[in-house]
Structures are given as C-alpha cells and as structure tokens.
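[1] The sequence isn't on hand, but the structure is:
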C-alpha cells in the first residue's frame, strides 16, 4: 500500500515522484505570463518619454524596440493559450522534477510547483545572476 501526501494541490505517493495536476500548472504558468505581459507593457511605457525626446534612433535601437513589442504580444498570446489548455487538460498530472530541472529561475519553479504567491522582484540572494538588457 502506498502512502499518499497532498500539499498545495500536489499529490505524491511515497514510491512515486511528485506530480502536479495539468490544470493547476497551466493556471500558474498563465498567471506568470500575465505578470510578464504587464512588465513588458511597463517597459514600453517607461521608454516612451525618453524616446519622445530622442531626435533620431539607430536602426539597432528601432529593432530592439520592435522586439520589446513583439515580446509583449507573444506573451499575451501565450498566456491566452495556457488559459485554454488549463480547462482542456484538467485530469492529467505532470511530473515536477523534469520540469523543475529545466527552469533556470528558481523563484519561478517555487511559484509554479510550491504555490508560493511571491512578488516578481527578487533579492540578490534569490535571483542568482543579474541579467541586464
């Protein structure tokens, strides 16, 4: 007989690897993507006044600005896809360990698999390396 443990919607037996319901994982990913859509929009808004004062922009800068807009639109589309998948795959479970191993941002892994509702901003200790753009 296998012992069953349930924590934050994750069911785990003593003999099996931890798994998370597909709908729960999809919803958490969708929530993170909505937060990223908002952050991308904030970057665009923050750059607006600076760009309005610029007399000319190099082609490289123009491409970078277009890339930010494409990032915003892509994340927005992907979060809607995840919302659709969350309702379509509710009865399946996903093994956590293989997914957790490929996620570089540890705070994101905790939010997805441990149901931690933490703000996006991290301390230096939590984030590892700083990635500047």
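    Ah, there it is. Note that the coordinates shown come from a computational prediction; the quantities given were computed from them, not determined experimentally.

[2] contacts, neighbours, all on C-alpha from now
    Fine.

[3] Show me where the chain has its helices.
    22-53, 59-88, 96-102, 106-113, 124-127 (DSSP state H).

[4] which intervals of the protein have sub-threshold pLDDT?
    Confidence mapping of the chain against pLDDT under 70 gives the ranges 1-16, 86-91, 115-133.

[5] ok, back up a step: just the helices of the chain: most buried one?
    Highest mean neighbour count among the helices of the chain (mean count of other CA atoms under 10 Å): helix 106-113, with a mean of 18.

[6] so what does that helix touch, helix or strand wise?
    Judged by 3 or more CA pairs under 8 Å, 6 or more residues apart in numbering; DSSP states H and E, helix 106-113 is in contact with helix 22-53, helix 124-127.

[7] Let me have those in JSON lines, extended by distance to residue 75.
    Shown next, in JSON lines, are those (distance: least, CA to CA, whole Å):
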{"stretch": "helix 22-53", "distance to residue 75": "6"}
{"stretch": "helix 124-127", "distance to residue 75": "21"}
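
[8] Indicate which one of those is closest to residue 82.
    Relative to residue 82, the nearest member of the helices and strands packed on helix 106-113 by CA to CA is helix 22-53, separated by 5.5 Å.

[9] Now do the closest one against helix 106-113: the angle between them, please.
    Inter-element angle recorded for helix 22-53 and helix 106-113: 140 degrees (by axes from the mean of the first three to the mean of the last three CA atoms, to 10 degrees).

[10] other SSEs contacting helix 22-53?
    Looks like helix 22-53 contacts helix 59-88, helix 106-113 (3+ CA pairs under 8 Å, 6+ apart).

[11] Quick one, which of these gets closest to residue 17.
    Each of the helices and strands packed on helix 22-53 has some distance to residue 17 by CA to CA; the shortest is helix 106-113, at 12.9 Å.
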